[in-house]
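K.L.:
have a look at this fold, sequence not included:
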């Protein structure tokens with residue numbers, strides 16, 4: 001018998017919208033026995049252009065909500081929220097294990113041959129102390145070319161993964177980088193892994209694209225194992241999808257992004273708190 005009763009509690013995952021589903025996908029593959037609660041704050045998407053203080057307030061409200069649902073670990077599946085709030089959340093809730101998104105500059109710097117790496121992220125990630133720290137620690141001698149890919153998050157939220165406008169956004173970001181001889185692209189936004197096929201089509205086979213989601217899933221498992229909180233793999237894990245946006249739209253795009261048909265519940269914000277909306281989940 002596991003001595004900690006929380007082992008059967010769910011993993012809480014949140015993002016500004018649907019991008020964190022790339023992390024949820026990796027967590028499910030690695031820990032199929034776990035139950036998950038996913039919250040996409042689509043009422044406020046995208047987080048990237050917002051002030052860090054505002055993103056921190058959203059992140060704390062969501063954390064309180066996920067803890068009220070007995071979450072045994074919180075995965076901040078959003079680079080902007082990690083940059084703005086991860087250190088604060090760990091200080092405010094010292095008893096709670098958190099896993100956040102760190103731009104994968106270290107593996108990129110270790111693997112690059114040309115010494116030139118492209119980084120795709122939102123403004124909040126580039127402005128945060130976390131990105132600056134990673135660059136200072138691991139990117140010595142490496143040239144980092146940055147792009148915020150304006151409009152790409154919303155295209156992915158709409159389920160447009162390969163249309164002409166989505167392609168144009170990525171072409172504008174990547175073509176100048178290719179001229180500067182990048183051989184690695186870091187995806188520092190959880191939305192962006194959903195357009196990896198399009199990115200690979202643009203950059204070609206000679207450029208490595210780094211998806212951070214598998215590493216995040218492995219870190220979550222390490223933290224759970226260290227606390228004796230892993231649910232056995234032969235259990236049947238469930239997933240609950242929650243959004244502060246339009247539930248039917250969430251379910252429709254979920255089909256596009258993950259290939260599954262699942263209902264979503266709509267929740268509403270009241271000041272800094274999340275409250276369940278009346279009615280049944282959308283189908």
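P.N.:
All right, it came through fine. This structure is a prediction, so every number in the text was calculated from the model and none was measured.

K.L.:
tell me the contacts of the nearest residue in space to residue 272 that is not next to it in sequence?
P.N.:
Nearest non-adjacent residue to residue 272, counting by C-beta to C-beta, 6 or more residues apart in numbering: residue 61, 4.7 Å away. All C-beta atoms are positioned from the backbone trio N, CA, C, and that covers glycine. Residue 61 sits next to 269, 272-274 when contact means C-beta atoms under 8 Å, 6 or more residues apart in numbering.

K.L.:
change it to 6 Å
P.N.:
Residue 61 makes contact with 272-274, according to C-beta atoms under 6 Å, 6 or more residues apart in numbering.

K.L.:
ok, and the most crowded of those?
P.N.:
residue 274 (21 neighbours; other C-beta atoms under 10 Å).

K.L.:
so that one, which state does it fall into?
P.N.:
For residue 274, the reduced secondary structure class is strand; criterion used: DSSP: H, G, I helix; E, B strand; the rest coil.

K.L.:
now it: how far from residue 240?
P.N.:
Residue 274 sits 14 Å away from residue 240, going by C-beta to C-beta, to the nearest Å.

K.L.:
then residue 223?
P.N.:
Between residue 223 and residue 240 the computed distance is 21 Å (C-beta to C-beta).

K.L.:
got a list of what the nearest residue to residue 107 once chain neighbours are set aside touches?
P.N.:
Excluding its sequence neighbours, the residue lying closest to residue 107 (C-beta to C-beta, 6+ apart) is residue 210, at 6.1 Å. Residue 210 sits next to 104, 108, 186 when contact means C-beta under 6 Å, 6+ apart.

K.L.:
can you do 7 Å?
P.N.:
For residue 210, the contacting residues are 104, 107-108, 184-187, by C-beta atoms under 7 Å, 6 or more residues apart in numbering.

K.L.:
can you pull out the helices in the protein?
P.N.:
Secondary structure of the chain (DSSP state H): helices at 21-30, 52-68, 79-92, 105-111, 123-127, 129-138, 152-157, 164-179, 196-203, 213-226, 247-258.

K.L.:
can I get those helices in a markdown table with mean pLDDT and distance to residue 99?
P.N.:
Listed next are these as a markdown table, based on pLDDT from 0 to 100; distance: least, C-beta to C-beta, whole Å:
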| stretch | mean pLDDT | distance to residue 99 |
| --- | --- | --- |
| helix 21-30 | 97 | 9 |
| helix 52-68 | 96 | 13 |
| helix 79-92 | 96 | 9 |
| helix 105-111 | 96 | 16 |
| helix 123-127 | 89 | 16 |
| helix 129-138 | 93 | 13 |
| helix 152-157 | 96 | 21 |
| helix 164-179 | 98 | 27 |
| helix 196-203 | 98 | 21 |
| helix 213-226 | 97 | 5 |
| helix 247-258 | 96 | 20 |
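
K.L.:
let's have those helices in a markdown table, adding distance to residue 45.
P.N.:
Output for those, formatted as a markdown table (distance: least, C-beta to C-beta, whole Å):
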| stretch | distance to residue 45 |
| --- | --- |
| helix 21-30 | 13 |
| helix 52-68 | 10 |
| helix 79-92 | 10 |
| helix 105-111 | 25 |
| helix 123-127 | 12 |
| helix 129-138 | 20 |
| helix 152-157 | 6 |
| helix 164-179 | 16 |
| helix 196-203 | 20 |
| helix 213-226 | 18 |
| helix 247-258 | 11 |
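
K.L.:
among these, which is nearest residue 13?
P.N.:
helix 21-30 (5.4 Å; C-beta to C-beta).

K.L.:
now do the same contact list for the closest residue in space to residue 148 that isn't next to it in sequence.
P.N.:
In this structure, residue 148 finds its nearest non-sequential neighbour in residue 123, 5.3 Å apart by C-beta to C-beta, 6+ apart. Residue 123 makes contacts with 48-49, 148, as judged by C-beta under 7 Å, 6+ apart.

K.L.:
you'd agree residue 152 is up against residue 171?
P.N.:
No. Under the criterion of C-beta atoms under 7 Å, residue 152 makes no contact with residue 171, lying 11.4 Å away.
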